[in-house]
Each structure stands twice: as structure tokens, then as C-alpha cells.
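# pasting the sequence and the predicted model now:
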Amino acid sequence: MTQGGFQVDKEGLSKAIEQLEDARDKARKLSDEAGQMAPGELTAKDKTTGQARDVFRQRLSGPESSLRTAADDIFTKLQEKIDSYKAVLGEYEKAEDSADAATRSTERQS
């Protein structure tokens, strides 16, 4: 559709949204999995191994700079892009509906 000199590929944008939603869902799954991962190889009961387990857990699901927080950040950014694309589609659909209504009104008056 062309509106004000711009053309929107609604089908292409819809496909992009589907792909972004798939990537977003994978990021959510990764975040969830990171919270359940454990350093299974680190089974010794000594102090050094215990500290290594703690570091490993922090890198997986700690509150800062972990796999989980990175996946959550990716999820959030993808959701923002999805919302933005959906808003664009909604605006163009409104504009298209308004243009169609104006065309029908003009045709009835003719």
C-alpha cells in the first residue's frame, strides 16, 4: 500500500514479525533454561570446586552479566521491535481504511 509517498509491504512486515516472535520465544526459552543449568562436572566437595560452582551459577543466572540476563535483554528488545512493527501495521491499516471510506464516499457523491 502507498500512503503519503511511503509503501509498506504488509505481507513482508507480517513475516518479519513472525520471525521476531520466534527469536523472542527462543530467547525466553534460553533464559528459562539458564536458570535451571548446573555445573554437573564440578562434583568434588572441596572449597575450590565449591567456589567454581558458585562462579558458574553466577555466569548462568546471576543478576548481572549472566546468560540469563543477556537472554532477558534480547527478549525485551525483540518484544519492543515486534510491538513497533505491529503499531506500524495498525497505523497503515487505519490509513487504508480511511482512504477506502473516503473513496466510497466520493464515489457515492458522483
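Alright, I've got the coordinates.
# measure residue 55 to residue 78 for me?
Distance check for residue 55 against residue 78: by CB to CB, to the nearest Å, it reads 29 Å. Quick note: C-beta positions are derived from backbone N, CA and C, even for glycine.
# report all helices and strands that the helix or strand hosting residue 14 contacts.
Counting by DSSP states H and E, the element that carries residue 14 is helix 10-34. Under the contact criterion of 3 or more CB pairs under 8 Å, 6 or more residues apart in numbering; DSSP states H and E, helix 10-34 touches helix 67-109.
# what mean pLDDT does the helix it packs on get?
Over the span of helix 67-109, the pLDDT mean works out to 84.
# so how far is it from its chain's centroid?
Its chain's C-alpha centre lies 15 Å from the corresponding centre of helix 67-109 when counted by CA atoms, centre = their mean, to the nearest Å.
# now it and helix 10-34, what's the angle there?
Relative orientation of helix 67-109 and helix 10-34, computed by axes from the mean of the first three to the mean of the last three CA atoms, to 10 degrees: 160 degrees.
# what packs against helix 67-109?
Helix 67-109 makes packing contacts with strand 2-3, helix 10-34, helix 47-61 when contacts are defined by 3+ CB pairs under 8 Å, 6+ apart.
# so which of those is nearest residue 67?
The stretch from the helices and strands packed on helix 67-109 with the least distance to residue 67 (CB to CB) is helix 10-34; that distance is 4.4 Å.
# and that closest one with helix 47-61, angle?
On the basis of the same axes, to 10 degrees, helix 10-34 is oriented at 160 degrees to helix 47-61.
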